[in-house]
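Chemist: Can you look at this prediction? I've put the sequence above it.
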Amino acid sequence: MRSLPTLTERQKRNFWSKVHISEAVNCWDWAGMVHTSGYGRISFQDKDYVAHRIAYFLHMGADPLSSNVIQTCENRKCCNPAHLQLKVHCAILSKLQVQSIREQAANGVSLRRLAQKHNVGLTTIHDIVNQKTWKDI
C-alpha cells in the first residue's frame, strides 16, 4: 500500500465533515463516496484512499504504511477510531495460539471475539478454524 498524503487543515476538516460522528461506542459512518466494495473512499491529490485508513491516520498521527487497518465492528463505512485497529498477519501467530483459537472456537467462543482477542481479521480466524490455513496443526 502506498503511504498516505500529508493533509492540510482544510483537507482534514473536509474529511471529518463526511463522517457522521455519534456516540463514542457507535459506528461513525462515512457519508462520502463509497466504492462498490462498500468501503468509504476519498480523493486527495487525484489519488483515491480508503476512508477508514485516513481516519486511523488522523487519529493516531501515524501512517499505517503496509499494515491493513480493519474495522472491528465489520461495518465497511465505519471511521470511528475506537473501531479501527491494525491487522496482524496470520504468519506471526504461534502454533500455540492457533491451537488455542481452534479449541476456543470448538468450545463456543465466537469467531469475532477470537479475532479481536488475537488482533487479526475475522477471515483469518475463520480460515484457521476451518483448517484452510495452518493445516499442519
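Modeler: Everything's here; your move. Numbering: from 1, shown residues only.
Chemist: Now do the strands in this protein.
Modeler: Counting by DSSP state E, the chain has strands at residues 19-20, 29-30, 41-44, 47-50, 68-71, 84-87.
Chemist: mind checking how far residue 18 is from residue 57?
Modeler: The gap separating residue 18 from residue 57 is 15 Å, by C-beta to C-beta, to the nearest Å. Just so you know, the C-beta spots here come from the backbone N, C-alpha and C atoms, and that holds for glycine as well.
Chemist: quick one: which of the two has more around it?
Modeler: It is residue 57, of residue 18 and residue 57, that has more neighbours when counted by other C-beta atoms under 10 Å, with 20 against 16.
Chemist: Next, the contact list for the residue lying closest to that one once chain neighbours are set aside, please.
Modeler: Leaving aside its sequence neighbours, residue 57 sits nearest to residue 4 (C-beta to C-beta, 6 or more residues apart in numbering; 5.0 Å). Residue 4 makes contact with 49, 53-54, 57, 63-64, according to C-beta atoms under 8 Å, 6 or more residues apart in numbering.
Chemist: how about a markdown table for those residues, with pLDDT added?
Modeler: A markdown table is the format used below for those (pLDDT from 0 to 100):
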| residue | pLDDT |
| --- | --- |
| 49 | 93 |
| 53 | 93 |
| 54 | 95 |
| 57 | 93 |
| 63 | 85 |
| 64 | 83 |
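Chemist: So which of these belong to helices?
Modeler: Those of these mapping onto helices are 53-54, 57, per DSSP state H.
Chemist: circling back: out of the contacts of residue 4, who's nearest residue 79?
Modeler: Set against residue 79, the nearest of these by C-beta to C-beta is residue 54 (7.8 Å).
Chemist: Tell me the neighbouring strands of the worst-scoring helix or strand of the chain on mean pLDDT, and mark each as parallel or antiparallel.
Modeler: Ranking every helix and strand in the chain by mean pLDDT, DSSP states H and E puts strand 84-87 at the bottom, with a mean of 84. Strand 84-87 pairs in its sheet with strand 68-71 (antiparallel), by DSSP bridges.
Chemist: hey, where'd the helices end up in the chain?
Modeler: Along the chain, counting by DSSP H, helices occupy 9-17, 51-60, 95-106, 111-118, 122-129.
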